[in-house]
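S.K.: Generate coordinates for the sequence data below:
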Amino acid sequence: MAEGLMKKFYGHETYVQSAGVKSDMDIDGFTVAVCEEMGIELSRHRARSFDEMEQWGDDLGSFDVIVALSPASQRAALELTRTHALEVLYWPIMDPTGMGDQRNEKLEHYRAARDQIIKHMTDNWGAPVVSE
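M.R.: All right, here's what the predicted structure looks like:
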């Protein structure tokens, strides 16, 4: 979600790559739905781990910032700073998975998480430079 939002708001001038602690899952359908509401296509996106990024040729040392959205991702990112000079930002985002019983309730929780990410982005990097 954060990668799609970043590209939508700030364009493709900055290289953005999302990574998760685990990589064994396809992206959540509710995440796809709430991003689609904003014109962001994520249906073909797949979660990647930091290890996979390195295996696929991404030099983690070439990144400037890692934004961690969960305590587990923050720990993994801080572990990387032992071998790479990276800034780690921690944005505690509500985890919407498992919240709500009905589809509409679940979507509301995912929208809230999406909106938390948007707030952190605009607080850190200003208003979107690409049309919303």
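
S.K.: What residues of the lowest-mean-pLDDT helix or strand in the chain count as buried?
M.R.: Across the helices and strands of the chain, mean confidence by mean pLDDT, DSSP states H and E is lowest for helix 50-55: a mean of 72. For helix 50-55, burial by neighbour count (16 or more other C-beta atoms under 10 Å) applies to 50, 53. To be clear about C-beta, it is placed using only N, CA and C from the backbone, and glycine gets the same treatment.

S.K.: Can you tell me the strand partners of the helix or strand following that helix and which way each runs?
M.R.: Per DSSP states H and E, the first helix or strand lying C-terminal to helix 50-55 is strand 65-68. Using DSSP bridges, the strands paired with strand 65-68 are strand 87-90 (parallel).

S.K.: Contacts for the partner strand, please.
M.R.: Residues external to strand 87-90 that are found in contact with it (C-beta atoms under 8 Å, 6 or more residues apart in numbering): 64, 65, 66, 67, 68, 74, 77, 78, 81, 124.

S.K.: out of the residues you listed, which are buried?
M.R.: Buried residues within those, counting neighbours by 16+ other C-beta under 10 Å: 66, 67, 68, 74, 77.

S.K.: coming back round to it: pLDDT and distance to residue 9 for the contacts of strand 87-90 - can I get that in a markdown table?
M.R.: Shown next, in a markdown table, are the contacts of strand 87-90 (pLDDT from 0 to 100; distance: C-beta to C-beta, whole Å):
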| residue | pLDDT | distance to residue 9 |
| --- | --- | --- |
| 64 | 81 | 17 |
| 65 | 84 | 15 |
| 66 | 84 | 18 |
| 67 | 89 | 13 |
| 68 | 87 | 19 |
| 74 | 87 | 23 |
| 77 | 81 | 22 |
| 78 | 86 | 26 |
| 81 | 79 | 26 |
| 124 | 91 | 11 |
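
S.K.: Which single helix of the chain contains the most residues?
M.R.: Taking DSSP state H as the criterion, the chain has its longest helix at helix 103-125.

S.K.: Near residue 91, how many other residues are there?
M.R.: For residue 91, the number of neighbouring residues by other C-beta atoms under 10 Å comes to 18.
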